[in-house]
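> what would the 3D arrangement of this be:
(one chain, ligands or ions: 2)
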Amino acid sequence: MFLVGALTNLLYPPACLLCRAPLPDDRGAAGILCEACRRRMPRIEAPVCSRCGVGLRGSFDAQLLCSMCRATPLAFDLARSPWWYDGSAQEAIRQFKYARRWRIGRLLALEMAAAARSALPLDDVDAVLPVPLHWLKRRLKGFHPPAYLTHVIASALNKPYLSSALRRVRWTATQTALGWHQRFRNVDRAFAARGASVAGRSVLLVDDVLTSGATADACARTLKAAGARRVFLLTAARTPIR
Ligand SMILES: [Zn+2]
Ligand SMILES: [Zn+2]
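Numbers count the residues shown, from 1 in each chain. Ligands and ions are numbered 1, 2, ... in the order given. As a prediction, the model looks like this:
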């Protein structure tokens, strides 16, 4: 085995998955990114909003709530993300989503699972599920990044994966081109939940990036209307609150 490993290293010297810089031999099993890329993945540091997990800047009150959670709280109960959608975190997510770099996706998912372990009440999580894609879009793309993240996270957290509890029933325009309020209107009534699989249970919803929160809000609303007790949200990254 040692020889095979040595030969593989000779033929394919270990390189950073993002920037291709050579990696040191003693990097350990998890080291698939170089030091520089890791440093450019901006972690969301404390203090964070106690509800949605966004990093708080400037002044905040004793309840540690961001301006959005104070004024118009979204339908999920708690949300957390390890990174800001910026720097190498943004690059890693884009490489995973658009170039289908599975090993990067796996790295993201494992860090998301770690964030869930440290900041979410996992004892109260009965199952994990992805923000769904419309079946036709899924067929056209042949790939659903949040579903892949959810598989890795479910197995890392030892929770069941709920594959068909939530469906996207309406074809929606991509959110990226839309303004803040349009995003909420765009996903209104876009989802349907199967009551039998979520009633009375608490679920962890997984997506890649949290931007306005409109999609996650619509999913959480639908899940709760179908009887879900609590809905937690885990994303790889999020953008700052507008
Ligand atoms: Zn690198
Ligand atoms: Zn908040």
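> could you tell me how many residues sit around D208?
D208 is flanked by 22 other residues according to other CB atoms under 10 Å. Quick note: C-beta positions are derived from backbone N, CA and C, even for glycine.
> surely it is in contact with P146?
Yes: the pair D208 / P146 is scored as a contact, 5.8 Å apart, by CB atoms under 8 Å.
> next to ligand 2, which bits of the chain? Give me the list.
Contact residues (CB under 5 Å from the ion) of the chain with ligand 2: 49, 51-52, 66, 69.
> just these: which are in helices?
Counted as lying in helices by DSSP state H, out of those, are C69.
> show me which pair in the residues of the chain next to ligand 2 is furthest apart.
Greatest spatial distance in these: R51 and C66, 7.5 Å, computed using CB to CB.
> would you list the residues of the chain next to ligand 2 in JSON lines and tack on neighbour count, pLDDT and distance to ligand 1?
Output for these, formatted as JSON lines (neighbours: other CB atoms under 10 Å; pLDDT from 0 to 100; distance: CB to the ion, whole Å):
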{"residue": "C49", "neighbour count": "23", "pLDDT": "94", "distance to ligand 1": "30"}
{"residue": "R51", "neighbour count": "19", "pLDDT": "95", "distance to ligand 1": "34"}
{"residue": "C52", "neighbour count": "24", "pLDDT": "95", "distance to ligand 1": "30"}
{"residue": "C66", "neighbour count": "21", "pLDDT": "91", "distance to ligand 1": "32"}
{"residue": "C69", "neighbour count": "19", "pLDDT": "93", "distance to ligand 1": "35"}
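> out of the residues of the chain next to ligand 2, who's nearest A113?
For those, the nearest to A113 is C52 (19.0 Å; CB to CB).
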